[in-house]
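> Sequence first, predicted coordinates after that:
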Amino acid sequence: MEKLEKYLKENGDRFLDELFGLIRIPSVSSIEHHKPDMMRAAGYWKRILLEAGADLAKIYPTPGHPVVYAEKIVDSSKPTILVYGHMDVMPADPLEKWFSDPFEPIIRDGRIYARGANDDKGQSFIHAKAFEWLIKSNTLSCNVKFLIEGEEEIGSPNLGKFCEEYREMLRSDVILVSDTGMIASDIPSITTGLRGLAYWEVEVTGPIRDLHSGIYGGAVANPINELCKLITAMKDEHNRITIPGFYEDVRDVTADERKKLSQNPFNEVKYKETIGVNQLQGEEGYTTTERSGMRPTFDVCGIWGGYTGEGSKTILPSKAFAKISSRLVPNQDHERIAILFKNHFESLAPKSVKVEVRVHHGGQGYICPIDHPAYLAAEKAFYEVYGKMPVPVRSGGSIPIVSTFEKVLGVKTILMGFGLESDAIHSPNESFLLENFFNGIRSVVQFYRFYAESQQPVE
């Protein structure tokens with residue numbers, strides 16, 4: 001550890017300079033004109049991994065954005081860790097909410113501010129630098145493979161096929177990911193579960209053109225009004241989702257799970273203050289942490305239609321739109337839920353409008369057993385760095401490819417996250433605590449040590 005501390009002190013500024021170079025590339029996977037930036041980001045990752053000590057690194061094209069693969073094989077008889085991360089980021093909009101350029105990282109009050117500072121460039125870079133130290137110090141005791149994709153923020157539509165095609169190349173004993181968070185900077189945690197995701201876009205059409213609201217209002221259905229009615233009908237007065245069959249595969253929270261979840265030192269007052277709300281709400285009969293990590297959800301992510309420009313324009317709009325998502329618990333199948341919603345939503349449409357639901361990307365939920373050797377190694381690693389055992393938590397977020405890894409590659413994923421709620425990922429002024437970046441490097445180094453020891457044959 002003393003040698004690692006010396007290395008971090010001597011090279012910490014360089015680590016940040018290299019990370020900032022990656023962040024400056026606006027690799028927004030959901031916007032077509034950023035496609036060249038995705039290739040630039042892939043090239044940057046290839047160079048970083050080769051310089052860190054990989055035996056080889058290669059950029060693989062896909063029908064969408066590229067994938068970067070790299071490896072270091074120290075001994076074919078030793079265990080292999082596959083590190084996964086993503087190079088793409090969410091759009092930076094709304095730009096006016098940022099206090100600095102989202103793609104020009106700055107350090108302020110001990111934090112890196114930029115799009116991708118945490119999700120997932122900063123967290124993925126932790127692994128590159130931990131790997132670099134292990135190579136430089138000649139202490140790497142496992143084989144390491146890197147898989148850095150460019151489509152996580154749009155649902156990883158091509159990575160599943162990539163994994164099937166290159167299953168042998170990706171063969172490993174465990175997958176290590178840092179794309180989740182911690183309870184607090186001084187309370188480490190390991191994510192043991194992820195929710196799945198179903199996502200739709202809804203289009204409601206009324207008249208063939210926008211109409212004068214005075215002449216036609218009251219006689220012709222307003223698509224925005226009807227859309228709002230349909231959305232409202234998706235939940236009852238107890239905040240339970242009303243889609244028929246939605247809860248069929250939902251396993252209720254057991255008393256034992258509730259006890260483990262209660263280890264999370266949740267502070268409701270601070271939680272509300274952090275996000276600026278006066279009252280919380282959700283499905284009756286469950287706590288806030290259960291609602292946000294272990295129960296399914298239904299939310300409108302965006303809604304629009306009609307005139308939204310400056311001033312007034314009295315029209316009855318022709319169309320209305322919404323983007324809607326459900327976070328799903330591990331037993332729910334996202335494809336089945338997608339069809340259930342589509343059929344139900346369209347069936348409720350009055351004859352006065354036409355409703356079309358388009359299914360977007362989705363993914364399955366995931367659970368990791370807390371007795372897995374790699375999980376136990378992660379526990380020891382966190383304890384070594386933070387001086388306390390990490391709390392097992394279930395994340396309300398989704399990383400759809402994790403369940404695909406288990407299905408296609410047949411291995412479990414360990415989620416060692418170092419982000420914080422205050423990092424505001426996907427929002428303006430995303431940030432990443434410098435302390436967590438460097439503690440992440442320390443923790444990952446220790447993970448390799450403990451995992452390698454756990455795989456030694458017992459004499």
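Nice, thanks for sending it over. Predicted model only: the values in this text are computed from it and were never measured.
> Going by C-alpha atoms from here, please, whenever you check contacts or count neighbours.
Noted.
> Work out the gap between the helix or strand hosting I414 and the centre of the chain.
If you go by DSSP states H and E, I414 is part of strand 413-415. Mean-position distance between strand 413-415 and its chain equals 13 Å (CA atoms, centre = their mean, to the nearest Å).
> burial count for the residue nearest to I73 when sequence neighbours are not counted?
Counting by CA to CA, 6 or more residues apart in numbering, N143 is the residue found nearest to I73 once chain neighbours are left out, at 4.7 Å. N143 has 21 neighbours, counted by other CA atoms under 10 Å.
> how near is N143 to S77?
N143 sits at a distance of 9 Å from S77 (criterion: CA to CA, to the nearest Å).
> show me the contacts for the closest residue to I414 other than its chain neighbours.
The shortest distance from I414 to any non-neighbouring residue, by CA to CA, 6+ apart, is to L176 (5.1 Å). The neighbours of L176, taking CA atoms under 8 Å, 6 or more residues apart in numbering as the test, are 81-84, 413-416.
> Put the buried members of those residues into a ChimeraX selection.
Buried subset of the contacts of L176, written as a ChimeraX selection, criterion 16 or more other CA atoms under 10 Å:
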select :81,82,83,84,413,414,415,416
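> got the CA coordinates for stretch 139-154 in CSV?
Taking Å, rounded to 0.1, in the frame of the first residue of the first chain, the C-alpha atoms of stretch 139-154 are listed here in CSV:
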residue,chain,number,x,y,z
THR,A,139,1.8,-7.5,-8.8
LEU,A,140,-0.9,-8.5,-11.3
SER,A,141,-2.0,-11.9,-10.2
CYS,A,142,-5.0,-12.5,-12.5
ASN,A,143,-5.6,-12.3,-16.2
VAL,A,144,-7.5,-9.1,-17.2
LYS,A,145,-9.7,-8.4,-20.1
PHE,A,146,-11.4,-5.0,-20.8
LEU,A,147,-14.7,-4.5,-22.6
ILE,A,148,-15.5,-0.8,-23.2
GLU,A,149,-18.7,-0.2,-25.2
GLY,A,150,-20.2,2.8,-26.8
GLU,A,151,-23.9,2.2,-26.5
GLU,A,152,-24.8,1.7,-22.8
GLU,A,153,-26.8,4.9,-22.6
ILE,A,154,-29.0,3.7,-25.4
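> thinking again about what came up before, mind checking which helix or strand the residue nearest to I414 is in?
strand 174-177.
> Check which element follows that strand along the chain.
strand 189-194.
> just checking, what packs against that next one?
Here strand 189-194 touches strand 366-367, strand 391-395, strand 413-415, going by 3 or more CA pairs under 8 Å, 6 or more residues apart in numbering; DSSP states H and E.
> now the first one: mean pLDDT?
Right, strand 366-367. If you average the pLDDT over strand 366-367, you get 90.
> Please name the strands paired to it in the sheet, noting orientation.
With DSSP bridges as the test, strand 366-367 is paired with strand 189-194 (antiparallel).
> Other residues contacting the strand it pairs with?
180-183, 293, 329-330, 365-370, 378-379, 390-399, 414-417.
> now stretch 383-392
So stretch 383-392 is contacted by 186-192, 260-261, 263-264, 370, 379-380, 382, 439, 442-443, 446 (CA under 8 Å, 6+ apart).
> Report the buried members of those.
For those, buried by 16+ other CA under 10 Å: 187-192, 261, 379-380, 382, 439, 442-443, 446.
> Tell me the one of those nearest V28?
T191 (26.0 Å; CA to CA).
> From I370, how far off is that closest one?
10 Å.
> same check, this time on G64
35 Å.
> Model confidence score at E152, please.
94.
> So what does it look like in phi/psi?
phi -60, psi -40 (degrees, to the nearest 10).
> Near it, how many residues? Count them for me, please.
23.
> Chain neighbours aside, what residue packs nearest to it?
H86 (6.2 Å).
> bridging residues for the one you found?
Under the criterion used (DSSP bridges), H86 bridges to E149.
> which residues touch it?
With CA under 8 Å, 6+ apart, H86 has these contacts: 120-121, 124, 148-152.
> right, and the pair among those residues with maximum separation?
Most distant of those, by CA to CA, are S124 and E151, 14.5 Å apart.
> re the thing from before, tell me which strands the strand holding L176 pairs with, and in which orientation.
By DSSP bridges, strand 174-177 pairs with strand 80-86 (parallel), strand 413-415 (parallel).
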